[in-house]
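Asker: here is the input, now give the coordinates:
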Amino acid sequence: MKFRIILAFAILSFLLAACAPKATQGPSPSAETPVITTQVVEPTVENTSTPESPNSSELVEVGELSAQTDSQGAVAVTIMPKLGQASDGSNTLVFEVSLETHSVDLSMDLAQLATLQTDTGITVQAVLWDAPRGGHHVGGTLQFPSKSNGQYVLEGAKSFKIILKNVDAAERKFTWQLDG
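Answerer: Numbers count the residues shown, from 1 in each chain. Now for the predicted structure:
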């Protein structure tokens, strides 16, 4: 009997530790005031499609872009750009996304809720949300087409943003700057 009590206590302690919120710096936000935390890094843009090398990669290559986190409502959303060719060889713009919550159902399809917009006026809808459905901690990849009406989405862009709608907040915006 004593062994069962110790085992139950150990399992309960492990579960509480796994679901405990991560420590944050600074004062904790009030429930009434949404907090948006973002970081922007201005990378060097290198377009590998040049008239001298027509067979080079047709995607716009960019330097390292930083992850951004939006903590509105009860869901923290972090997006990390991984621009370039997807692992399956398709020409898509790939982003690693993680969602964390303790109270909201995370079984939504982010591809239906996400758009990518550039400062050049191009807007594209996400085409794939590759992640497990449900749970308190969900991570996966969000993919957008690399072309729109025959033009590369990031060609000539100085900035772009991803807009997520209805993920426990009316709208979340993640903006990155590109040097051109």
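
Asker: for the rest of this, base every contact and every neighbour count on C-alpha atoms.
Answerer: Will do.

Asker: need the helices for this structure, in chain order.
Answerer: Remark: helices assigned in the chain by DSSP state H are 2-19, 110-113.

Asker: any idea which of those scores lowest on pLDDT?
Answerer: Across these, helix 2-19 has the smallest mean pLDDT, namely a mean of 48.

Asker: burial measure for N149, as a count.
Answerer: 7 (other Cα atoms under 10 Å).

Asker: if I look at it, how far off is V124?
Answerer: Using Cα to Cα, to the nearest Å, one obtains 10 Å as the distance from N149 to V124.

Asker: over to Q68?
Answerer: For Q68 relative to V124 (Cα to Cα), the value is 20 Å.

Asker: of these two, who's got more company?
Answerer: A count of neighbours by other Cα under 10 Å puts Q68 above the other of Q68 and V124, at 20 against 17.

Asker: so the more buried one bridges to which residues?
Answerer: Here Q68 shows beta-bridge partners I79, assigned using DSSP bridges.

Asker: just V124 next, same as before
Answerer: Residues in beta-bridge contact with V124 (DSSP bridges): L116.

Asker: pLDDT score for it?
Answerer: 97.

Asker: next one: V35
Answerer: Here the pLDDT value assigned to V35 is 40.

Asker: try H137
Answerer: Confidence score, pLDDT, at H137: 88.

Asker: surely it touches E100?
Answerer: Yes. Using Cα atoms under 8 Å, H137 is in contact with E100, at 4.6 Å.

Asker: what's the spacing between the nearest residue to D168 once chain neighbours are set aside and V167?
Answerer: Excluding the flanking residues, the one nearest D168 by Cα to Cα, 6 or more residues apart in numbering is G73, at 5.7 Å. To V167, G73 is 9 Å away according to Cα to Cα.

Asker: the more surrounded of these two?
Answerer: Comparing G73 with V167 by other Cα under 10 Å, the one with more neighbours is V167, at 22 against 17.

Asker: so what pairs up with the residue nearest to that one when sequence neighbours are not counted in the strands?
Answerer: Spatial nearest neighbour of V167, excluding adjacent residues (Cα to Cα, 6+ apart): V75 at 7.4 Å. Each beta-bridge partner of V75 is listed here, defined by DSSP bridges: T101.

Asker: try G140
Answerer: G140 forms beta bridges with V97, as assigned by DSSP bridges.

Asker: hmm, W129 and it touching each other?
Answerer: Yes. Using Cα under 8 Å, G140 is in contact with W129, at 7.1 Å.
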